[in-house]
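Colleague: Below: sequence and its predicted model.
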Amino acid sequence: MKQTFAWKGNVIHTPECGRLELRPGSWLVCEDGLVGGVFDALPEKYRGIPAEDFGDKLILPGLIDLHVHASQYAYRGLGMDMELLDWLEHNAFPEESHFANPDYAARAYAIFTEQLRTSATTRACIFATLHRPATRELMEDLERTGLPCFVGKVNMDRNSPDILRETTEESLAETRRWLEESGELDLVRPILTPRFTPSCTDELMAGLGELQREFHVPLQSHLSENRSEIRWVSELCPNTRFYGEAYEQFGLFGGGCPTVMAHCVWSGEEERKLIKDNGVFIAHCPQSNMNVSSGIAPVRTFLREGQKVGLGSDVAGGAHLSIFRAMTDGIQCSKLRWRLVDQDAPALTLAEALYLATKGGGAFFGKVGSFEPGYECDAIVMDDAGLPTTRACTLAERLERIVYLSDGLPVAKCAAGVRLF
Ligand code: GUN
Ligand code: FE
């Protein structure tokens, strides 16, 4: 049931990229699940609704993780001395094969779901594994917890070990069955998830294109993450001019198929034009790009081009689930890119990073990630009392410290207008 309530505190959000709106000592009103507004004093018409005064704490939009692998949570922080393709072979694939066992999957996904529940993240685009029952388990865990996520049963029918590969027919039949069953859920929705082009034959991609048009589901995958991967795709798909076309040729790249692609570190001008023209979202995952030595994505170029961009933890390529951490990683690696690669591309600012972490990624879910009236109410309350300092900080400085110094866990959280704690 969508709720109506009011929270008082220091309210901060980013209605536009690069502009922090700071509203000290204000009321955030949630009305039937949607933001009613931010007010200096609680308007008369809201008198009597459940209200909580959080004093000097900060109220922010819930953070959005646009790319995370729930099935890799167990080995985050491990195996980080490898490049992407070796890392997949030695870490991701062996771990994901355990999800054939429902007991293992239940234990692993219970841990992931609990960590996500208590985090500052309110929504995420999540990869499970190719196993349908385990994927269903994850979706039910998230639904019970109240996190409105997209979850994907992964498709992979080539270039993977025997223990983690389906036949094309199995992959399509299992995906169809999973899509049919997913209709019963309310908050958690299915998203088609071809792992990446090297894992999916043309026949599988064509079949997924047909399922997309039949079920009208969105799609997530990986794009132009790593140079060896891109070289491999150009060998596998000699008919394409660039990686993005390997998805586009099957109708799986934006347009009528809402799409989020992780990384785009090496997307060239032509690929970025197709991304823009087709309204494809980019999940910028800076920590993963550093850990598996992929590179530094041109996030300033994305913003200048008006691309749709959000942040992703990409656990376990990224070791940290925190999107506050993704904000600082994004800022820091944009500084390195400016210093070392492109002096015409200034670093991300804190306000820009907060936008990417909230309204930027939130747009993939609809009107999400801002406190403008009519947005779905996703909010977190952050307490910085545990970060003592002799300095008298402004509100913007307090936000900066929360982002830089903590893996901050909120003291209260609501998602889609329902209070979780
Ligand atoms: N490309 C294909 N699979 C993966 C994965 O699991 N993680 C990352 N970072 N890239 C991938
Ligand atoms: Fe990934």
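Modeller: The structure has been received and is ready for your questions. Ligands and ions are numbered 1, 2, ... in the order given.
Colleague: so where's this structure uncertain?
Modeller: The chain contains no residues with pLDDT under 70.
Colleague: Pick out the residue in it sitting closest to ligand 1.
Modeller: Residue of the chain nearest ligand 1, by Cβ to the nearest ligand atom: G317 (3.5 Å). Where C-beta positions appear, they are placed from N, C-alpha and C, glycine not excepted.
Colleague: Neighbours of E31, how many?
Modeller: When neighbours are counted by other Cβ atoms under 10 Å, E31 registers 20.
Colleague: bridging residues for it?
Modeller: L34 (DSSP bridges).
Colleague: how about the helices in the stretch 1-150 of the chain?
Modeller: Remark: helices assigned in the stretch 1-150 of the chain by DSSP state H, counting those that start in this stretch are 84-87, 93-97, 102-118, 132-145.
Colleague: and if you look at the stretch 151-300 of the chain?
Modeller: Along the stretch 151-300 of the chain, counting by DSSP H, counting those that start in this stretch, helices occupy 168-182, 202-215, 227-236, 243-248, 269-277, 286-291, 299-304.
Colleague: Pipe those helices into JSON lines and attach mean neighbour count and distance to ligand 2 per row.
Modeller: Formatted as JSON lines, the helices of the stretch 151-300 of the chain follow (neighbours: other Cβ atoms under 10 Å; distance: least, Cβ to the ion, whole Å):
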{"stretch": "helix 168-182", "mean neighbour count": "17", "distance to ligand 2": "19"}
{"stretch": "helix 202-215", "mean neighbour count": "18", "distance to ligand 2": "18"}
{"stretch": "helix 227-236", "mean neighbour count": "16", "distance to ligand 2": "11"}
{"stretch": "helix 243-248", "mean neighbour count": "24", "distance to ligand 2": "15"}
{"stretch": "helix 269-277", "mean neighbour count": "17", "distance to ligand 2": "17"}
{"stretch": "helix 286-291", "mean neighbour count": "26", "distance to ligand 2": "7"}
{"stretch": "helix 299-304", "mean neighbour count": "19", "distance to ligand 2": "17"}
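Colleague: Could you dump these into a markdown table and include distance to F112?
Modeller: Shown next, in a markdown table, are the helices of the stretch 151-300 of the chain (distance: least, Cβ to Cβ, whole Å):
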| stretch | distance to F112 |
| --- | --- |
| helix 168-182 | 19 |
| helix 202-215 | 25 |
| helix 227-236 | 25 |
| helix 243-248 | 27 |
| helix 269-277 | 29 |
| helix 286-291 | 17 |
| helix 299-304 | 27 |
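Colleague: which residues sit in contact with the closest residue to the residue of the chain closest to ligand 1 other than its chain neighbours?
Modeller: The spatially closest residue to G317, leaving aside those adjacent along the chain, is S288, at 3.2 Å (Cβ to Cβ, 6 or more residues apart in numbering). By Cβ atoms under 8 Å, 6 or more residues apart in numbering, the contact set of S288 is 263, 294, 312-314, 317-318.
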